[in-house]
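J.: Provided below for reference: sequence and predicted model.
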Amino acid sequence: MAFKASSAEAAKLLQEIEGTERRLKQALKTSQPDEREVKALRTGLMGSYERMLVLDYELASKNQVEQNLWKIVFYKRIEEFRKRHGKTSALLDDPDKKERAKQALSQITAAFARFLDKSSRFYMSLLRKLLVACNVSLAGYTDHGEDDEGPSFVRCDESSPKHRERKKAMLMSSERCLIFLGDLERYRSLYMEKELERDWSAAERHYRTAALLTPHVGNPHNQLAVLATYCGDDLEGMFHYARAALVPQPFATARENLALLLDKNRQKLEAIVAAKPSVPPRIALEEKGRRRREELGVRFVRVHGMLQTHSPRDLEQFAAEEGAMLVQLVATLDADDLPHEAVLWMAVVCLFSAADLATRAAQLSHIASPAGPPHPVLLAQQFAVGVALKVLSRLAVSARGRPGHLQAVGVLCAWLHFSPHTLSSPPDADGSGQLRRELQTAAGALVDLLNLQKEREERAGGASAWGVDEVLPEDKELAGFEPLAEALGGMEGA
């Protein structure tokens, strides 16, 4: 039931919430907190927080009710579990305590599973109420909300300027609910499943939905990057950190998180090179393809790590590492081991490095020297064009069309051609001239392949891969990505 409340009623409830928060804080200060009391206080707060959000959404937002709800009721409970789980797991190494520790761990895990189930139901219900109030439908979220209990929000009136502003804020609340739902599923996989059997798909679904709902926000992509690092996928991880960093509302620590990934990536490549045998072992084709893709991703990210750090040593070794990566790219394409999603990730990472370095060109002016290596900005642009040319050259000799690959390379070429950062006041005039010629070559090759793809589809009698209703990568996967928005703006102006 949706209802309105007087400001006096909301203010009174807010005072009650603050009093309960103080009692909970005091209860947790004792050396041995009363678990029943703590549970009762948190349960009471959960209901009061939700009621406060519904009674007076604006007042609740000003007093960070939504953030306190997650932090006090849910996240602190998760932290308590993780500490207990860690301490109990450590006892498994002691033969005298192993059996008791296993029993205790089983009880802790079962209790945590019940907590996660209850928490997910709460946030799914809150999310549905928010989306219904915003008149937004999301498959899998808003189609089973008839049984939601408790108060519901007043629907936003699109004709009211105040309600339109409220809707924007409520959509951000919906995004946070999706992030919390994803986090709950992530913790479930971390602690409920064996390491080799962990399934991140439930968490990923919530994070991806959040990214689609609020493409201008970096938080969902940061969480997707975290999942990618769990799987050891450096390429997808860097793609999502790039997306998290270059949006209108970037994730606060996206660049710091990316720096950590790049440092681990450097160590990973060193380990791969050191462990590579002189004679390749005989392994199954599927495993061989997986290793080939993994090494390609590691080498690709390493090249961008060298551009981001732009140390004298990295710049001196850049050409050799770039060459090794391009060889690996050709081998992977020729073996048909590179999915189109990976090509899109590579295109976006190239885009990120070139755009990011270009915006910081003034800070990098001390690097340029006539006798030294080319400027990092030019290196990033040359590498992006080089990747596009390699992909296009292999697609040209491929026996079958790959529309997904062409779309991804098309995004990269469009950005290189229309971006205000590309080829503007280049630090190396000779290098930029060659870059222009290579970009023209790439654009011509792309057009030829697009025409060839169209001819193949017409001969086959099938529908075009780029129909009128086709959702392009930049319409969905890359929505909100600022460098691409600039390029699309230039394209429309042209």
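T.: Cool, got the structure.

J.: show me where pLDDT drops low in this structure?
T.: Scanning the chain with the threshold set as pLDDT under 70 gives 1-6, 144-148, 278-280, 361-374, 399-401, 420-432, 461-475, 486-494.

J.: The longest helix along it packs against which elements?
T.: Secondary structure of the chain per DSSP state H: the longest helix is helix 98-133. Judged by 3 or more C-beta pairs under 8 Å, 6 or more residues apart in numbering; DSSP states H and E, helix 98-133 is in contact with helix 35-55, helix 76-90, helix 161-192. Placement of C-beta: from N, CA and C, glycine included.

J.: if you compare these, which one is most tucked away?
T.: Ranked by mean neighbour count, the helices and strands packed on helix 98-133 are led by helix 161-192 with a mean of 19 (mean count of other C-beta atoms under 10 Å).

J.: What's the first helix or strand after that helix?
T.: Using DSSP states H and E, the helix or strand that follows helix 161-192 towards the C-terminus is helix 201-213.

J.: and that following helix, how far from the chain's centre?
T.: For helix 201-213, the gap between its own C-alpha mean and the chain's C-alpha mean amounts to 9 Å (C-alpha atoms, centre = their mean, to the nearest Å).

J.: which other helices and strands contact it?
T.: Contacts defined by 3+ C-beta pairs under 8 Å, 6+ apart place helix 201-213 against helix 161-192, helix 219-230.

J.: Any idea which of the ones you listed gets closest to Leu329?
T.: Leu329 lies closest to helix 219-230 among the helices and strands packed on helix 201-213, at 19.6 Å (C-beta to C-beta).

J.: Would you mind getting the angle between that closest one and helix 201-213?
T.: Helix 219-230 and helix 201-213 are oriented at 150 degrees to each other (axes from the mean of the first three to the mean of the last three C-alpha atoms, to 10 degrees).

J.: to the chain's geometric centre, what's the distance from helix 219-230?
T.: How far helix 219-230 lies from its chain's middle: 4 Å, per C-alpha atoms, centre = their mean.

J.: what does stretch 214-228 contact?
T.: Where contact means C-beta atoms under 8 Å, 6 or more residues apart in numbering, the residues beyond stretch 214-228 that reach it are 171-172, 174-176, 178-179, 182-183, 186, 200, 203-204, 207-208, 210-211, 234, 236-241, 243-245, 247-251, 253-254, 257, 261, 479-480.

J.: right, I mislabeled it, should have said stretch 76-93
T.: Under C-beta under 8 Å, 6+ apart, the answer for stretch 76-93 is 42, 97-98, 100-102, 104-105, 108-109, 111-112, 115, 187, 191.

J.: again, only this time at 7 Å
T.: Lys97, Lys98, Ala101, Lys102, Ala104, Leu105, Ile108, Phe112, Phe115, Tyr187, Tyr191 (C-beta atoms under 7 Å, 6 or more residues apart in numbering).

J.: Now for the first one: which residues touch it?
T.: What it means is Lys97. Leu91.

J.: Ok, the last one next?
T.: Contact analysis of Tyr191 by C-beta under 7 Å, 6+ apart lists His85, Thr109, Phe112.

J.: re the thing from before, any chance of the helices and strands packed on helix 98-133 in a markdown table, with distance to Gly140 too?
T.: Formatted as a markdown table, those follow (distance: least, C-beta to C-beta, whole Å):
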| stretch | distance to Gly140 |
| --- | --- |
| helix 35-55 | 22 |
| helix 76-90 | 24 |
| helix 161-192 | 11 |
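
J.: just the helices in the stretch 201-350 of the chain please.
T.: Secondary structure of the stretch 201-350 of the chain (DSSP state H, counting those that start in this stretch): helices located at 201-213, 219-230, 234-245, 254-275, 285-309, 312-334, 340-359.

J.: Just the angle for the fourth one relative to helix 312-334, thanks.
T.: Spelled out, it's helix 254-275. For helix 254-275 against helix 312-334, the angle by the same axes, to 10 degrees is 70 degrees.

J.: Could I get the buried residue list for helix 254-275?
T.: Ala254, Arg255, Asn257, Leu258, Leu261, Leu262, Lys264, Asn265, Arg266, Lys268, Leu269 (16 or more other C-beta atoms under 10 Å).

J.: surely the fourth one meets His240?
T.: No. If you go by C-beta atoms under 7 Å, Leu258 and His240 don't touch, sitting 9.5 Å apart.

J.: Since that was my last question, I'll sign off now.
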